[in-house]
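Asker: fold the following.
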Amino acid sequence: MPDVNRDEVREKIRRAAAGDKTAKEELVAENMPLIKSVVRRYKNKMTDYEDLIQLGTLGLIKAINNFDLSYDVKFSTYAVPMIAGEIKRFMRDDGAIKVSRSVKSQAAELNKFIEEYVAENRRSPQIKEIADKFGLEPAEVTFVLESSRYPVSMDSESDDDNLSLKDRIADPGDFDDVLDKMLLKDAIMKLKDRDRKIIILRYFRDKTQSEVADELGVSQVQVSRLESKILKQMAKELK
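Answerer: Okay, the predicted model is just below:
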């Protein structure tokens, strides 16, 4: 049975591309819930909510203008990364997220310790272990790490702890699972072939790091380091 709604959306996109302003306005109005779902990820940061809505709307309009009707993909799937990208670009270029130099410096020290700890112990340190190492309160550690959005789960006991990819790299908070999956898929597709294979094998095929290492012909430690690097890259993409 044909997807009537999908056909209607594609027809409006075709009309909008031909200069039909009414079709474009209808698309924006119909996709406002989608824009708000994306904005929800950023509303606690230092930018006015209405400004974020305007940025998200701009991203949606760009998606309407650039969507290729030959794509075998739902428009919403294509639009989500465009909406998020517009917001992230503003925050990066206009400095909407401001972190002091001292906090950045401290975050770099903590992240370096975490990387070395993972390489040596093959598991991520817990918040308390990091706090004891640097003489900080656990809440301070959480704040500093949050400022840099370090991707490795801070409460994991080992690298093979069966945490989902969302658990490892998604921002904390309550947001739409469907939206999250869209953003994750977009981030995964931007990875290099080997990096994408590692993520797929680990989180979608339930392979252990040792099994992935055997398949790639490298050591388990190398897979651990590569995985941490890839997750960090994906976390930056999802910010």
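Asker: okay, CA-based contacts and neighbour counts for the rest of this
Answerer: Fine.
Asker: determine the number of other residues adjacent to G85.
Answerer: Neighbourhood size, G85 [other C-alpha atoms under 10 Å]: 18.
Asker: OK, contacts around it?
Answerer: Residues in contact with G85 (C-alpha atoms under 8 Å, 6 or more residues apart in numbering) are G59.
Asker: tell me how far it lies from F75.
Answerer: 16 Å (C-alpha to C-alpha, to the nearest Å).
Asker: any idea how this structure splits into domains?
Answerer: Here the domain parsing of the chain from automatic domain parsing is 4-94, 99-158, 164-239.
Asker: and the ones you listed, which one is worst for confidence?
Answerer: With a mean of 70, domain 99-158 has the lowest mean pLDDT of the domains of the chain.
Asker: ranges for the helices of the chain?
Answerer: Along the chain, the stretches classed as helices by DSSP state H are 4-17, 21-30, 32-39, 49-66, 75-94, 101-121, 127-134, 138-148, 165-169, 177-189, 193-203, 209-216, 220-238.
Asker: can you report how many residues lie near the residue nearest to Q222 when sequence neighbours are not counted?
Answerer: Distances taken as C-alpha to C-alpha, 6 or more residues apart in numbering place A213 nearest to Q222, at 7.8 Å, with adjacent residues excluded. Counted with other C-alpha under 10 Å, residues neighbouring A213 total 18.
Asker: repeat that for E86.
Answerer: Number of residues near E86 (other C-alpha under 10 Å) recorded here: 19.
Asker: so it is in contact with G59, correct?
Answerer: Yes. Assessed by C-alpha atoms under 8 Å, E86 is found in contact with G59 at 5.3 Å.
Asker: got the contact list for the residue nearest to Q222?
Answerer: A213 makes contacts with S219, Q220, Q222, V223, as judged by C-alpha under 8 Å, 6+ apart.
Asker: next up, the contacts around the first one.
Answerer: With contact set as C-alpha under 8 Å, 6+ apart, S219 has these partners: S210, A213.
Asker: rerun that using 6 Å as the cut-off
Answerer: Contact partners of S219, counting by C-alpha atoms under 6 Å, 6 or more residues apart in numbering, are A213.
Asker: next, it: phi, psi?
Answerer: phi -80, psi 160 (degrees, to the nearest 10).
Asker: from here on, call the first residue 22.
Answerer: With the count now opening at 22, the last piece we talked about shows up as S240.
Asker: where's it relative to E232, distance?
Answerer: On the measure of C-alpha to C-alpha, S240 and E232 end up 10 Å apart.
Asker: again with M255
Answerer: 22 Å.
Asker: check L131 too.
Answerer: L131 sits at a distance of 30 Å from E232 (criterion: C-alpha to C-alpha).
Asker: burial check on E51, number of neighbours?
Answerer: So E51, with other C-alpha under 10 Å, has 12 neighbours.
Asker: try A128
Answerer: Residues near A128, counting by other C-alpha under 10 Å: 21.
Asker: and the gap between the closest residue to R246 other than its chain neighbours and K133?
Answerer: Nearest residue to R246, sequence neighbours excluded (C-alpha to C-alpha, 6+ apart): A140, at 6.8 Å. To K133, A140 is 11 Å away according to C-alpha to C-alpha.
Asker: same thing with P54?
Answerer: Where K133 is concerned, P54 sits at a distance of 40 Å (C-alpha to C-alpha).
Asker: looking at L131 and E232, which one has more neighbours?
Answerer: L131 (20 against 16).
Asker: show me what contacts that one?
Answerer: Contacts for L131 (C-alpha under 6 Å, 6+ apart) come out as none.
Asker: 10 Å instead, please
Answerer: Contact analysis of L131 by C-alpha atoms under 10 Å, 6 or more residues apart in numbering lists K125, E137, I151, A152, K154, F155, V162, V165, L166, Y171.
Asker: just the closest of these to L76, please.
Answerer: When the contacts of L131 are ranked by distance to L76 (C-alpha to C-alpha), Y171 comes first, at 25.7 Å.
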